[in-house]
Structure formats: C-alpha cells, structure tokens
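S.K.: sequence unknown, structure follows:
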C-alpha cells in the first residue's frame, strides 16, 4: 500500500484523500503554514508559478513523516471576462527520494468571486447592498487594507460581522478591500475543482508507464488539427494526445481515430 502526506493549512484532506484512497493509497495530513508561499488576499505575494508553489508546499511536509509521497495543492483564480472568473486547481504528488512529481489538474468557471472597495465615503446602506451580492449563505469575506497596513481579517460570514470589522479598521487606512475569502476550507465553489484535480492525479498515479512501469503516466498536452468532415482542412479540434512519463520521460502520441471535425467548427466552412 502506498502512502502520502498532504501539507496543508486549510483542511484540504477531505478534498484530496478520497480519490487517492480509492486507488489504494493511505493519505494523512500535517498542518503547515503554506501562507508563507502566497495568499489570495495579496498580503503575501506568490512568487513563481502555481506549479512551483505546489512543489514548495509539498516539500514543507518532508520533515514530518517518512511517507514516500509528499502531497500539496495550489489554486489560481483569474478574471476571464468581466464578472466571470476561472479557477485552475493543481494537486501534486512529489516522490520523496527521486523528486519525481505527478500532477493532477482541473479547471472551472463555477468559482464565486466578488470584490469591492470601501472608503470613508461609503455608506452603511452601500455596504449592505455589496454584502447582499456576496453569497454569504455559502461563502465568506476577507477584509484587507489596500496598502496592506494590517493583516487581512477573513472568515467573515455575515453582513453584521463585516460592518463591525469595517468600523474597527476604517480609521486605520483610507481604503479597505473586501473580497471573497478564497481559502479552500471557506470556499465551497473551489472545493469541487480541488476534488476534480485530485481525481485526475489519482488516474495518473494508477496508470503505469508502458516502458518503465512506474506510476504517473498521463496526458501532457492535446494537439489540435483534426480534419474537417467536409473540406478535410485542419481545425482547432483535438487531433491527437501526447502522453509523458515523469520517471523515464517516455513520450507517446496517440491520434484521435474514427472521427472528423464538425464543419460548424471549421474556419473555412464556417468562417
């Protein structure tokens, strides 16, 4: 039986463990201060990519156990279009001795994310209206100073609590930033995507490489160019998938067979 240790500050064990336990793993967790690597509130900037940060998080757990695999997750939430955000979640399994890393990923546009700014001219009625659109029945809010002059105050679950926090801190700074608290244990619209990324990781860990038989063989990238059914010109639909082993770096390309692209997706037939 394979075991892994999840380094987390925000109780992600319930989101990550079930998918790995389904393939025979034993998963435990350790609480470490992953906020030193970056926060959603912005008081600690994230340096490097989400994948780099996930690797660093996993390594934070190294000294707490002898498990062969170290686990961690990291999310990136960005505005896709006005009012629409995209949540990309990564869950990694880092092998202790070889430092081979297997990566599971998932993304979603179902993330709930709001943000508004309060200054000395903002009325209590305006704050009530802003909080009414913050989905406080499920989500929480976090308050921070635009100049980061104090540590963010998160986990705010009602308009009354938000108003009290604003009154207490508005005198300290000119502008307060109030936004959805995106920490995983307080953000249910992130949690489903972390679960999906964990399932993707489990699929990869349960797929051995055809050459070296180590776990983690999986899709590296999709290659577009599937031919149109009518004109046979290449389209942006997927024509092949490329697979990679993180151990021996064996790479294999598998064509999408038995199908052609719908002409409605062809830039020549449907410009």
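M.R.: Received the coordinates, thanks. If you're wondering where the values come from, they're calculated on a predicted model, not measured in any experiment.
S.K.: quick check: the gap between the closest residue to residue 134 other than its chain neighbours and residue 8.
M.R.: The spatially closest residue to residue 134, leaving aside those adjacent along the chain, is residue 114, at 5.1 Å (CB to CB, 6 or more residues apart in numbering). Glycine gets a C-beta too; all of them are placed from N, C-alpha and C. Summarising the geometry, the distance separating residue 114 from residue 8, computed by CB to CB, to the nearest Å, is 25 Å.
S.K.: quick one: which of these two has more around it?
M.R.: Set side by side, residue 114 and residue 8 show more neighbours around residue 8, with 23 against 16, by other CB atoms under 10 Å.
S.K.: can you give me the distance of the closest residue to the more buried one other than its chain neighbours to residue 140?
M.R.: The shortest distance from residue 8 to any residue other than its chain neighbours is 5.6 Å, reached at residue 29 (CB to CB, 6+ apart). Relative to residue 140, residue 29 is positioned 22 Å away (CB to CB).
S.K.: do the same with residue 47
M.R.: In this structure, residue 47 lies at 26 Å from residue 140, with CB to CB as the measure.
S.K.: so for the two, which sits in the more crowded spot?
M.R.: When neighbours are counted by other CB under 10 Å, residue 47 and residue 140 differ, and residue 140 comes out ahead with 22 against 10.
S.K.: the nearest residue to that one once chain neighbours are set aside: neighbour count?
M.R.: Residue nearest to residue 140 in three dimensions, not counting chain neighbours: residue 181, with 4.1 Å by CB to CB, 6+ apart. Here the number of neighbours of residue 181 (other CB under 10 Å) works out to 22.
S.K.: now do the one 5 residues further on
M.R.: Around residue 186 there are 21 other residues, counting by other CB under 10 Å.
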